[in-house]
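1. Turn this into a model:
(4 chains)
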Number of protein chains: 2
Amino acid sequence: MRQSERRRKILGKLSEAPFASVQDLQNLVGASEATIRRDLRKLADDGALKRVHGGVERPETQTSHLAGTPLARNKQINVVQKRAIARTAAGLIEPGETIVIDGGSTTSLLCPFLADLDLQVLTNSLPIVEQLLLSPRTRLLVPGGEVFREQNIILSPFEEDGTAECFASKILMGAQALSPVGLLQADSILIRAERRLMARAEKVIVLADSTKFERKTGLVLCPLSEIDTVVTDAGISAKSRNMLEKAGVEVVIAED
Amino acid sequence: MRQSERRRKILGKLSEAPFASVQDLQNLVGASEATIRRDLRKLADDGALKRVHGGVERPETQTSHLAGTPLARNKQINVVQKRAIARTAAGLIEPGETIVIDGGSTTSLLCPFLADLDLQVLTNSLPIVEQLLLSPRTRLLVPGGEVFREQNIILSPFEEDGTAECFASKILMGAQALSPVGLLQADSILIRAERRLMARAEKVIVLADSTKFERKTGLVLCPLSEIDTVVTDAGISAKSRNMLEKAGVEVVIAED
DNA sequence: CCTCGAAACGCTCATATACAATCATTATAC
DNA sequence: GTATAATGATTGTATATGAGCGTTTCGAGG
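-> The predicted model follows:
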């Protein structure tokens, strides 16, 4: 088997399973152990995977924006719940509205449910732009600025980003975590972009599966009081729900 | 077997299978190994295929998601010349420069040749953004505005599009036609976008295969005198060349 | 906490294949 | 007919692969 095909298969295997032993891969591609190891070393050098004793794992951070971004990996976690949340959140949108969609693994799932709503959508997320391009009934707006590869978003270093004239009824956004101190996000670049977008929308709707209430770490994007609605799944604890409602946040539970 | 027929068959083979070994191709076209390898080197230089140890694969730069759009259809005409023009035009760019790239079927072909030049690129073309995202050494800037599906570009209806602070040494653009009255473009939306971008660059470089000098129809984007350089192929007539040089335009002929 | 065995690993070498460079020959254009 | 380009064979070099062997790592059991 050719080298390129072998390596492609190895990467493919890793996209299915989080771990693969050298023997697994040997059976998969039919090469000798030495050859497999050479492939693994090369791929690890490229950052496409991480070597561990006994085999390989997915890497911590991948910069290839196709298969391996943190976003793509994150996407595989809780997909079912996230999709249900996305469907419910899309139900909160009226046909013909102008909305803002912030980039993220959860919000990307919104796109299929928005196709026929004749929306005007402002987003800084390139994956979302790509998906919504397929819905001819959606008008798409993007801010100007620099493209950040890791987050796959556009962010202007300046105040003026070409969207000054755009004002939306709602913004849909994701979160790293939701804690009493507010909405937490992992990345300071994301935070800058999101603050900018939030200023363009009247109501703030946050999509967050219930695991987001267990996490506590991140950078504070805004206090809970600035959030109007949180869409989550049935796994949310009474305590977390109480926390949100005390802060004046409407809680919507997505049905599977 | 003629050279052109051989190369056509090689490309045809690759459109069927994702990989072809040198021996496969040898059986296919009946030439010696050395000749096949020469063909492969040329085709790989043009970016039409990717060489791997043992044979060739399809290049990765195939934009799948807009098959069928006018742009995608246009792309198939004169690909070889256009790629040669793109390669030559890329040679006019210095490492580290800040440049503007206008969307279009010819300018899209530039991307593979720009990957390692550490450029800062401002473009309103989504396909170009997508391709250049794969080159981590390139900084990408986009203007803000609405996404126009047919042309696959971003265009702001307002003056301010978030790129006011960006000024480039060169703009690379395509054309519908080049006639004595000036550079012609087919679409009024394109014209608005291009005028905006031209204002951000010092030198104007136009990529136009020689068939563009036969056409006469379109909307005038600018007079020839505003163009600094035209990169074209050897098919340009003496008359057309004279027309350009009289207007003070430098003419560069791309080598195959 | 230490020891020990098995598995995993890296290294080196031998071999096979693929590749690039060169040169002589043939086809093609002018 | 000559000049130029294209082709094919040859030779040396580079790369890929698999096997052997000493070393390291891991985990179980004392």
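2. Which residues of chain A lie near chain B?
-> Those residues of chain A that sit near chain B, judged by CB under 8 Å from any CB of the partner chain, are A:2-5, A:63-65, A:126, A:129-130, A:133-134, A:136, A:139-147, A:149, A:154, A:156-158, A:160-165. C-beta: built from backbone N, CA, C; applies to glycine.
3. one more time with 7 Å
-> With the criterion set to CB under 7 Å from any CB of the partner chain, chain A comes near chain B through A:2-4, A:63, A:65, A:129-130, A:133, A:136, A:139-147, A:149, A:154, A:156, A:158, A:160-165.
4. Can I have the buried ones of these as a ChimeraX selection?
-> Selection of buried members from those for ChimeraX, criterion 16 or more other CB atoms under 10 Å in any protein chain shown:
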select /A:4,65,129,130,133,139,140,141,142,143,144,145,146,147,149,154,156,160,161,162,163
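5. restrict the residues of chain A next to chain B to contacts with DNA strand C.
-> By CB under 7 Å from any atom of the strand, no member of the residues of chain A next to chain B lies near DNA strand C.
6. Among the residues of chain A next to chain B, which lie within helices?
-> A:3-4, A:129-130 (DSSP state H).
7. Now tabulate the residues you listed in JSON lines and tack on pLDDT.
-> Shown next, in JSON lines, are these (pLDDT from 0 to 100):
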{"residue": "A:Q3", "pLDDT": "94"}
{"residue": "A:S4", "pLDDT": "93"}
{"residue": "A:V129", "pLDDT": "93"}
{"residue": "A:E130", "pLDDT": "90"}
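8. Cross-check the contact I'm expecting between A:L109 and A:T88.
-> No - using CB atoms under 7 Å, A:L109 is not in contact with A:T88; the gap is 11.1 Å.
9. So these two - more neighbours on which side?
-> A:L109 (22 against 18; other CB atoms under 10 Å in any protein chain shown).
10. Now the more buried one: closest residue in space that isn't a chain neighbour?
-> Sequence neighbours aside, A:A86 is the residue nearest to A:L109 in space, at 3.9 Å (criterion: CB to CB, 6 or more residues apart in numbering or on different chains).
11. that's a strand at the one you found, yeah?
-> No - using DSSP: H, G, I helix; E, B strand; the rest coil, the assignment for A:A86 is helix, not a strand.
12. and it, how many residues sit next to it?
-> A:A86, neighbours per other CB under 10 Å, totals 23.
13. any idea how far it lies from DNA strand C?
-> To DNA strand C, A:A86 is 39 Å away according to CB to the nearest atom of the strand, to the nearest Å.
14. Let's see the pLDDT reported for that residue.
-> Confidence at A:A86, expressed as pLDDT, is 92.
15. Then A:A48?
-> 88.
16. For the stretch 101-250 of chain A, just list every one of the helices.
-> A:105-108, A:111-114, A:126-132, A:188-198, A:238-246 (DSSP state H, counting those that start in this stretch).
17. What confidence value was assigned to A:Q76?
-> For A:Q76, the model assigns a pLDDT of 50.
18. cool, A:S188 as well?
-> With respect to pLDDT, A:S188 has a value of 85.
19. picking up where we left off before, so of the residues of chain A next to chain B, which ones are in strands?
-> Counting by DSSP state E, the part of the residues of chain A next to chain B found in strands is A:139-142, A:145-147, A:154.
20. Go through those residues and say which is closest to DNA strand D.
-> A:V147 (32.3 Å; CB to the nearest atom of the strand).
21. Touching, that closest one and B:R139? I think so.
-> No - applying CB under 7 Å, one finds A:V147 not in contact with B:R139, separated by 8.1 Å.
22. Isn't the residue nearest to A:L109 up against A:S108?
-> No - with contact defined as CB under 7 Å, A:A86 and A:S108 do not form a contacting pair (8.4 Å).
23. Could you show which parts of the stretch 51-200 of chain A are in contact with DNA strand C?
-> Checking the stretch 51-200 of chain A against DNA strand C by CB under 7 Å from any atom of the strand, the hits are A:51-55.
24. Let's see if you can find the most crowded of those residues.
-> A:G55 (18 neighbours).
25. still on that earlier bit, now for the residues of the stretch 51-200 of chain A next to DNA strand C: which two are most distant?
-> Taking CB to CB, the two most distant members of these are A:R51 and A:G54; they sit 9.5 Å apart.
26. Quick check: the two most widely separated of the ones in strands among the residues of chain A next to chain B?
-> A:R139 and A:E146 (23.7 Å).
27. any low-confidence regions in the stretch 51-200 of chain A?
-> A:60-78 (pLDDT under 70).
28. Spell out which residues of it are next to DNA strand D.
-> So the stretch 51-200 of chain A meets DNA strand D at A:H53 (CB under 7 Å from any atom of the strand).
29. Residue nearest the middle of chain A, spatially speaking?
-> A:S105 (1.7 Å; CA atoms, centre = their mean).
30. Return the distance of stretch A:31-49 from the chain's centre.
-> 29 Å (CA atoms, centre = their mean, to the nearest Å).
31. Tell me which residues are up against it.
-> A:1, A:6-7, A:10-11, A:14, A:22, A:25-26, A:50-51, A:56-59, A:62-63 (CB atoms under 7 Å, 6 or more residues apart in numbering or on different chains).
32. Please pick the buried ones from these.
-> Buried, going by 16+ other CB under 10 Å: A:6-7, A:10-11, A:14, A:25, A:50-51, A:56, A:58-59, A:62, out of these.
33. nearest to DNA strand D, of the residues you listed?
-> A:R6 (6.4 Å).
34. ok, now how distant is A:A89 from A:I205?
-> 6 Å (CB to CB, to the nearest Å).
35. which residues are in contact with both of the two?
-> Common neighbours of A:A89 and A:I205 (CB under 7 Å, 6+ apart) are A:172, A:231.
36. looking at it, A:V204 is touching A:D228, isn't it?
-> Yes - shown here, A:V204 and A:D228 form a contact pair, counting by CB under 7 Å, at 5.1 Å.
37. more neighbours, the two?
-> A:V204 (22 against 16).
38. Give me the nearest residue to the residue of the stretch 1-150 of chain A found nearest chain B, chain neighbours excluded.
-> Residue nearest to chain B within the stretch 1-150 of chain A: A:G144 (2.3 Å; CB to the nearest CB). Closest residue to A:G144 apart from its sequence neighbours, by CB to CB, 6+ apart: B:G162 at 2.3 Å.
39. Excluding chain neighbours, give the residue nearest to A:P95 in space.
-> A:L117 (4.8 Å).
40. Look at A:V230 and report its pLDDT.
-> 96.
41. Please name the bridge partners of the residue nearest to A:C166 when sequence neighbours are not counted.
-> The shortest distance from A:C166 to any non-neighbouring residue, by CB to CB, 6+ apart, is to A:L122 (5.4 Å). Note on A:L122: beta-bridge partners by DSSP bridges are A:V100, A:L141.
42. Name all residues that make contact with A:L122.
-> A:100, A:141, A:163, A:166, A:168, A:200.
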